[in-house]
Structure formats: C-alpha cells, structure tokens
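1. here are the coordinates; sequence isn't available:
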C-alpha cells in the first residue's frame, strides 16, 4: 500500500450496510420483486375499476380495500409475530396474499370479475400483507447489527419505493398491451421468490423460559404498553393524521390521470412511477436528514412541501408538471413515514416490537384507508381538483400538531436488561395464581420528597406498560419519610413477565427511584396473593419453578 492510498472504511450507518447480511439481502431483494408485482396489480385493479364504474368513491375504495386490513388486523398480527416464530408467520402470510392474487387472476380470466369481487380479492391480498408486515419489520433487528438498524428500516421502505418507481409504469404498459389479467398473473408469480427467501432463512430463535401469552392477553399487553409509552403514542397519532390528510393524493391518482390530465392507464402508471421515484430519493437521504434535522423539524418540512406538491397536482393539466410535483410529494411522503417507522422501532423493546410496529401500521394505514374513502366521496361531491386543494390546505396546517404532540428525540434502540432471578417462594403457586399484589417500601428524606414523587410518575408508566395495573404511591401520615408503592399483576406468570420486560433505561429508572432510599434497612418488597386459597386449584404440571435465590438483603431489590 502506497502512502497516498487510503484503506476503504466501512460506514456502519451507511444506507447499504445492512445488505452485507446475507439473510437480509436475500429477503430484501425478494421483497422488491413482490412489491413490484403488487404495484403492477394495483395499477390493473385501479384501472379495471375505472372501466367497470364511473363512481369516484368506488375507484378510491380499491385503495381502501388494500389498506383496511392493516388497520383491522395489525394488532393481532403483531401479537402473533411476538408470540410465534416470525419466519413461519411470514411464510403463512405470503401464502395468503398469493392465494388472493391467484383468485383475482382466475376471476378476471374467466370473465367473472365484478367491482365487489375485485374489492374482496384486494382485501384478501391486503390481509396477507397485513399479517406479513409486523413479522418482517420486527425481525429486521434479528438480521442486522444494531448500528445498522435505521439504515435497514430505510431500506425496507426503499424496497417498496424502488418497485413503485418502475412498477406503476410497467403496470400501465402491461395493462395497455396485455390487459388486466396479465397484471394480476404477474403479481401472483412475483410472490414466489419471497416464499423461497423466507423458506431459506435459518432463523435462530431464543426460547423464553416462560410460556408464551395467549393471543387475547398478548393483544392487551401490547395495547397497554403503547398507551403507557408517550413517545410511541405521539408517533401513532401523527402518522394517523398524515395518513388521513395525505391519503387523498394516492387514492385520487387514477382520477388525476383520467379527469385532470385526460390520460390513459399508461399516463397513470407514469405519474405513479414519478411518485415512487421521488420516494426512493427521499429514502436514500433519510440518514442525512436525521443527522441534520430533528424529527419534529423534518416532519414539519415534509408537511409543508407535501402541501405545495398537492396544490400543484390539483392545478396542473400538464403531465410533466404533475409528474414533477408527484416526485416531490413522493420524496417527502417517504421521509415522513421513514421517520415515524424509525421512531417506533427505536422506542419499542424486543418483546413488544411486533405489536408496536403493528399499531403504527394500523394507525398509518387506517388513516390512509379512511382518508381514501373520505377523499373519494368528497371528489364525487365537489370534484377531484377541489378535493385535492382541501387536502393541501389541511396538510399546510398539520404542523400545528407539533405544539402539543412534538416528535420524540430518539437516537438508539432500547437495549433489553438482564433477566432477573425469580424471587423466593414458599407457597406453592401455579402460573395462573393471582391476582398478585406487590408493595415496595421506600424511606425518603423529606427534602427529597418532591423529586422522588416526580421520578415515581415515570416509574408508574414503566410498571403499567410492562404489565402492572392499579398502581399507586402512598405516604405515611404518621411517618412522612415512609413511602409505599403498590401495584397488581393478574397472575404469578404475568408478574414474572413484568419483572423481566424492562429495558436497560427502565432498569436505570428503577435504580434511580431506589437511590432515594436511605437508612441501613434495605428496601422492603412484599408479594402477596389477594385470593391465596384460589391458588391451590391448579394442575400438577402448573407448579411454579421457584429459584432458591432470595432477593431480600441486597442493597437494591428490584420489583
């Protein structure tokens, strides 16, 4: 090596870094093909609907049929992804989507396709992808190193938008030259590589020492975590608003091509490709934008740019100008959604990652689905141009939400804390024994009372999002230095889960609260059954496996 030559350095945060991982690269490439097929089918479905009916709301309902399943079943899908092998869940999901695409192909081929059957088939395909997304998105962290996770999230978005940059134009060409049946058949075939890539994924799962939750309990746990996680709630609300307001430009795009531009399916495909190409450019710049702008500033800039782009689309009668405006709209649309996605990914610990991402997808897709129907109905009443101008005005005002719902600042994903040993138990318990009451006594100097109480408000959210309910903090009126934290867990098994769901920052918060405790006597923890005799009704194989390690007598007793 000469003095002038420099070694090639590898940037772990570069956009292409995750592609060095074989499994991620294989599934990512297959997902590009699957998304390409889905977009070709979308062009065929939207154009087929314009040929079968002149109703604007029927055309917009095609987008609703594809997005509504995400809103309806995302949370169960996320719970399933967290409870079971994510590879198997993804395989079954793609199989469902392939079945719906094949049925659509056959119906169109034999001439039995009607507007309602088209919507039903799109709903089935959307259901398969709604089941797939939480499993795939939450498993990305298993396939790439932690430092490349933001880049992997951006690449996942790019996989769709790479396809969108060429898929709609290809779809328009396929529809014009070979008909809608060919677009449906091509979609069916392009799901097969994704099935193969998922089959070849040799996923290494880490078995939990605790049995999985039931589906209903897992959904409740996910909802409870999100409700008690301010950062995730903000992202969900902001993404839903963006979906409702911005969904109009996507749902009404076929009508923009047909009515405002007086074009054919090919024009529709070209302007849709312009939107997708812009989205690719936006996704490629996510890393740079996150370094230079806060999440709130980026979302505000995207909303203002989107407003201008929608206005240009509404007023334009030239395909070139419309394509340029849609290119800008696609770029800022992609940037906004990627920032939302990264915010959820980095905020959610591994045990609830699938459910958190499912809630995010349900919020965003639900917003788009509801917005698509609403904008289609409004276009029927007022016209496409007026509907788009109203959407642009609402988008212009949407940054005001940042006053109350400011995007959280998150730079790295929460790391799971070490597992805690089970507490000492002398009463025979089954996993269903409960409810369990936990009381923790702290002795805090009176001058620290206000600071301690403030920290305990954060501890309340910690306990509740990890599984506790009925939380309270009380101060002894006869001994003001004595504070008692109290909360419930439904069962003994739920309590064991609650103890070991904390991230490292949550464990640090627990230590911060314990740091206020003074005196030679350690923090006292009581764990009690509210119905102790009920715990004796159990099966022989349901005994709790208590660990012979006491937690009393330590300087810090974790609860």
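-> Nice, I can see it. Source: prediction; values computed, not measured.
2. near the closest residue to residue 257 other than its chain neighbours, how many other residues are there?
-> In space, not counting the residues next to it along the chain, residue 257 is nearest to residue 268; the distance is 3.7 Å by Cβ to Cβ, 6 or more residues apart in numbering. Yep, even glycine has a C-beta here, placed from its N, CA and C like the rest. Burial of residue 268, expressed as a neighbour count using other Cβ atoms under 10 Å, amounts to 26.
3. spell out for me which residue occupies the centre of the chain.
-> What sits nearest the mean C-alpha location of the chain, by Cα atoms, centre = their mean, is residue 357, with 2.2 Å.
4. on that earlier part again, ok, the residue nearest to residue 257 touching residue 176?
-> No: look at residue 268 against residue 176 with Cβ atoms under 8 Å: they stay out of range, at 10.2 Å.
5. which SS state does the residue nearest to the centre of the chain fall under?
-> helix (DSSP: H, G, I helix; E, B strand; the rest coil).
6. could you find the closest non-adjacent residue to it?
-> In space, not counting the residues next to it along the chain, residue 357 is nearest to residue 137; the distance is 4.7 Å by Cβ to Cβ, 6+ apart.
7. which residues touch stretch 267-274?
-> Outside of stretch 267-274, the residues within contact range by Cβ atoms under 8 Å, 6 or more residues apart in numbering are 39, 43, 46-47, 164-173, 175, 253-254, 256-258, 261, 319, 322-324, 326-327, 330.
8. just give me how far it sits from the chain centre.
-> Shown here is stretch 267-274, whose average C-alpha point lies 28 Å from the average C-alpha point of the whole chain (Cα atoms, centre = their mean, to the nearest Å).
9. quick one, strands of the stretch 101-250 of the chain?
-> In the stretch 101-250 of the chain, no segments count as strands under DSSP state E, counting those that start in this stretch.
10. pass me the low-pLDDT residue ranges in the stretch 1-150 of the chain, would you?
-> Of all residues in the stretch 1-150 of the chain, those with pLDDT under 70 make up the ranges 1-13.
11. repeat the analysis, applying 50 as the threshold.
-> 1-10 (pLDDT under 50).
12. tell me, how many residues neighbour residue 504?
-> Neighbour count of residue 504, defined by other Cβ under 10 Å: 13.
13. show me how far stretch 494-509 is from its chain's centre.
-> In terms of Cα atoms, centre = their mean, the gap separating the centre of stretch 494-509 from the centre of its chain is 22 Å.
14. and the contacts of it?
-> For stretch 494-509, contacts defined as Cβ under 8 Å, 6+ apart pick out 210, 213, 217, 349, 351-352, 414-417, 419-420, 422, 434, 436, 438, 455, 458-459, 462-463, 466-468, 489, 510, 527, 558-559.
15. what of stretch 220-227?
-> By Cβ under 8 Å, 6+ apart, the list of residues contacting stretch 220-227 reads 75, 78-79, 82, 213, 232-233, 236, 348, 352, 355-356, 358-359, 464-467, 469.
16. from these, list the buried ones, please.
-> 75, 78-79, 82, 213, 232-233, 236, 348, 352, 355-356, 358-359, 464-467 (16 or more other Cβ atoms under 10 Å).
17. can you give me the helices for the stretch 401-550 of the chain?
-> All helices of the stretch 401-550 of the chain, identified by DSSP state H, counting those that start in this stretch, fall at 449-465, 492-499, 504-514.
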